[in-house]
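Asks: got a predicted structure plus its sequence, pasted below:
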Amino acid sequence: MLSIIIPCLNEAAGIVATLEALQGLRGRGAEVILVDGDSSDDTAARARPWVDQSLSAPRGRAAQMNSGAAQAHGEVLLFLHADCRLPDAADALIIEGLQRTCKGWGRFDVRIAGRHPLLRAVEALMNARSRLTGIATGDQGMFVTRELFDAAGRFPEIALMEDIELSRRLKRYGQPLCLSHRITTSARRWERHGVVRTILLMWSLRLAYWLGADSDILALRYAAHKQ
């Protein structure tokens, strides 16, 4: 069984569309779990008819995803951002891929749903970097067996870069399954704050984290960028 865990915060405007796209997977036996981080809008209420479980957890993507994983019934966990759309037959791609390769975790290639020409370069670099380094990000729809997720210690409950850190831990057990099928992620953060500005910010934050910067400080920089 596949459990799809969606952390969210104030996603009322788009959450139903995200969940509608998952109903085919639910019909084939996948479990969908929404974990709300104390939204100030009616995200949870709108989502409730479309999910198998609607949970609340302390605000913070890592804490929310860990809470969802703790309540999930599936043998494979898929962590999906609220503004992402999975490729067709994502469930079969994941299960068959893990079984065929004997791997315990992986991710999809990403497509950014925007028209700015630089976004094509961004997504190409994201996919190439991930294949080269074996590091996955949340936008890529990370999936992992429950056994390996627990062995790796779950998501570290840090303010930012929880996906990067979990990837580091998972790599100790083996390289990821890199599926070429594409998950589609919203371009809203690039379009809202400027494509070039956002690219430079994300690269600088990741470099700083690799060099040992504290995630709390990096989170403050990221929050200031979004204002």
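Replies: Yes, it's here.
Asks: switch to C-alpha atoms for all contacts and neighbour counts from now on
Replies: Noted.
Asks: and residue 77, how many neighbours does it have?
Replies: Close neighbours of residue 77, defined as other C-alpha atoms under 10 Å, add up to 25.
Asks: got it, and residue 114?
Replies: Residue 114: 16 neighbours (other C-alpha under 10 Å).
Asks: what mean pLDDT does the helix or strand harbouring residue 35 get?
Replies: If you go by DSSP states H and E, residue 35 is part of strand 31-36. Mean per-residue pLDDT for strand 31-36: 98.
Asks: just checking: what are the partner strands of that strand?
Replies: strand 2-8 (parallel), strand 53-56 (parallel) (DSSP bridges).
Asks: among those strands, which is nearest residue 107?
Replies: strand 2-8 (13.2 Å; C-alpha to C-alpha).
Asks: what's the most buried one of the strands paired with strand 31-36?
Replies: Ranked by mean neighbour count, the strands paired with strand 31-36 are led by strand 2-8 with a mean of 26 (mean count of other C-alpha atoms under 10 Å).
Asks: got the contact list for that one?
Replies: 29-37, 39, 61, 64-65, 68-69, 72-82, 91 (C-alpha atoms under 8 Å, 6 or more residues apart in numbering).
Asks: and if we set it to 6 Å?
Replies: 30-36, 64-65, 68, 74, 76-81 (C-alpha atoms under 6 Å, 6 or more residues apart in numbering).
Asks: any idea of the mean pLDDT in it?
Replies: The model assigns strand 2-8 a mean pLDDT of 98.
Asks: after that strand comes which helix or strand?
Replies: Immediately after strand 2-8, counting by DSSP H and E, sits helix 15-20.
Asks: what number of residues lie near residue 70?
Replies: 12.
Asks: that one and residue 98, how far apart?
Replies: Computed as C-alpha to C-alpha, to the nearest Å, the residue 70 to residue 98 distance reads 21 Å.
Asks: can you check residue 118 too?
Replies: 33 Å.
Asks: let me see the ranges of the strands in the protein.
Replies: With DSSP state E, the ranges of strands along the chain come out as 2-8, 31-36, 53-56, 76-79, 84-85, 105-113, 143-145, 177-186.
Asks: between those, which gets nearest to residue 20?
Replies: Nearest to residue 20, of the strands of the chain and by C-alpha to C-alpha, is strand 84-85 at 10.2 Å.
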